[in-house]
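Novice: Structure of the sequence below:
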Amino acid sequence: MTISLQYCNITVNDPDESMTFYRDALGLEVLNDIASGGFRWVTLGSASQPGLGIVLSEPHAGRSQTDGDSLQELLTKGALGPIVFRADDLDATFEKMRASGAEVLQEPIDQPWGPRDCAFRDPSGNMVRISQAPTA
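Specialist: Alright, predicted model coming up:
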């Protein structure tokens, strides 16, 4: 049996602002941009992981008012889990992200549990960590 991740979701306040961050600063490609019922779902991907879609959507998109309000509150507090990416050149990725104006939370460091990584905050307040891909 084989199983793989097809989609993951990132809750954002503004799909356009977030798309600029994930597309232009991080280097993901827009695969799909769907509007429905006054909301948008933007799917991004990477050539290095074909078949994986990262979906940006607003807290109330496809949810009840109560659930959307709860999710918005968590997003505003920065209480949603981090999004973790892997880069083959962490230092170059970090510099590209910093040059884009992204809020730096942590410069590249070697973590005691193993990876070398850095962290940013996306325009909606989500923590985005980037780890160095292991070398062979």
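Novice: mind listing the helices for this structure?
Specialist: With DSSP state H as the criterion, the chain has helices at 15-19, 65-77, 90-99.
Novice: In the first one, which residues are buried?
Specialist: Buried residues in helix 15-19, defined by neighbour count with 16 or more other C-beta atoms under 10 Å: 15, 18-19. (Each C-beta comes from the backbone N, C-alpha and C, glycine too.)
Novice: Dead centre of the protein: give me the residue that sits there.
Specialist: For the chain, Ile83 is the residue whose C-alpha lies nearest the centre (C-alpha atoms, centre = their mean; 5.3 Å).
Novice: does it really touch Met127, like I thought?
Specialist: Yes. At 7.2 Å, Ile83 counts as touching Met127 under the criterion of C-beta atoms under 8 Å.
Novice: Any regions of the protein where pLDDT drops low?
Specialist: Applying pLDDT under 70 to the chain flags residues 135-136.
Novice: Try it again at 80.
Specialist: 133-136 (pLDDT under 80).
Novice: The protein: strands as residue ranges?
Specialist: Along the chain, counting by DSSP state E, strands occupy 7-11, 29-36, 39-45, 53-57, 83-87, 103-110, 116-121, 127-132.
Novice: and those as a markdown table, adding distance to Glu73?
Specialist: Formatted as a markdown table, the strands of the chain follow (distance: least, C-beta to C-beta, whole Å):
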| stretch | distance to Glu73 |
| --- | --- |
| strand 7-11 | 11 |
| strand 29-36 | 24 |
| strand 39-45 | 18 |
| strand 53-57 | 16 |
| strand 83-87 | 19 |
| strand 103-110 | 21 |
| strand 116-121 | 17 |
| strand 127-132 | 17 |
